[in-house]
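> Sequence and predicted structure are below.
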Amino acid sequence: MKDRPATDSRPLFPPFDIDSALAQVQAAEDTWNTRDPRQVALAYTEDSAWRNRDALVTGREEITEFLTNKWEHELDYVLRKSLWGFRGNRMAVRFQYEWHNAEGQWFRSYGNELWEFADNGLMRRREASINDLPINEEDRRYFGPRTDSERGPGHDLPLA
């Protein structure tokens, strides 16, 4: 995929309404499920600031490096996101993802993110708090990106 210029915008612009907020969350989930660090980084401003667990990340180059390292260790990663709330150019999102390490231990990671968007629809700030729970492989819920039948109302994330 050819990189877009840093001045490009995303098709969903703040301030968000319920439909555009839900579409933004689904677009983020779909992009992260590609596990393509360069593609994911393009959804963020050139100077985007992240806090991810205990890591502070700034800018697309660091985002790409961070995600490359993440997906070298979090194997077969698959993600689900759910809108928690929104106002103006900000959103709160819940998520769960599953992955395994090199030894074959599966995990379900639970978390919350706070997002802030620039006027061009790119995310300029992301704060993520995440907890990992070891699970047995037979307890997995997610086996790939959402199918069309798993999208829309009625497909929120379970609490546990």
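Here it is on my side, so go on. Numbers count the residues shown, from 1 in each chain.
> For whichever helix or strand A27 is part of, C-alpha coordinates in PDB please.
A27 is part of helix 18-32 when elements are defined by DSSP states H and E. Output in PDB follows, covering the C-alpha atoms of helix 18-32 (Å, rounded to 0.1, in the frame of the first residue of the first chain):
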ATOM      1  CA  ILE A  18     -23.600   8.400  16.700                       C
ATOM      2  CA  ASP A  19     -23.400   7.000  13.200                       C
ATOM      3  CA  SER A  20     -19.900   8.500  12.400                       C
ATOM      4  CA  ALA A  21     -18.600   7.600  15.900                       C
ATOM      5  CA  LEU A  22     -19.700   3.900  15.400                       C
ATOM      6  CA  ALA A  23     -18.200   4.000  11.900                       C
ATOM      7  CA  GLN A  24     -14.900   5.400  13.200                       C
ATOM      8  CA  VAL A  25     -14.600   2.600  15.800                       C
ATOM      9  CA  GLN A  26     -15.300  -0.100  13.200                       C
ATOM     10  CA  ALA A  27     -12.800   1.400  10.800                       C
ATOM     11  CA  ALA A  28     -10.200   1.400  13.600                       C
ATOM     12  CA  GLU A  29     -10.900  -2.200  14.400                       C
ATOM     13  CA  ASP A  30     -10.700  -3.200  10.800                       C
ATOM     14  CA  THR A  31      -7.500  -1.400  10.200                       C
ATOM     15  CA  TRP A  32      -5.800  -2.800  13.400                       C
END
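> Give me the contacts around the next helix or strand after that helix.
The helix or strand immediately downstream of helix 18-32 is helix 37-41, counting by DSSP H and E. When contacts are defined by C-beta atoms under 8 Å, 6 or more residues apart in numbering, helix 37-41 is touched by residues 1, 3, 31-32, 34, 60-61, 63-68, 71. Using the backbone N, CA and C atoms, a C-beta is placed for each residue, glycine as well.
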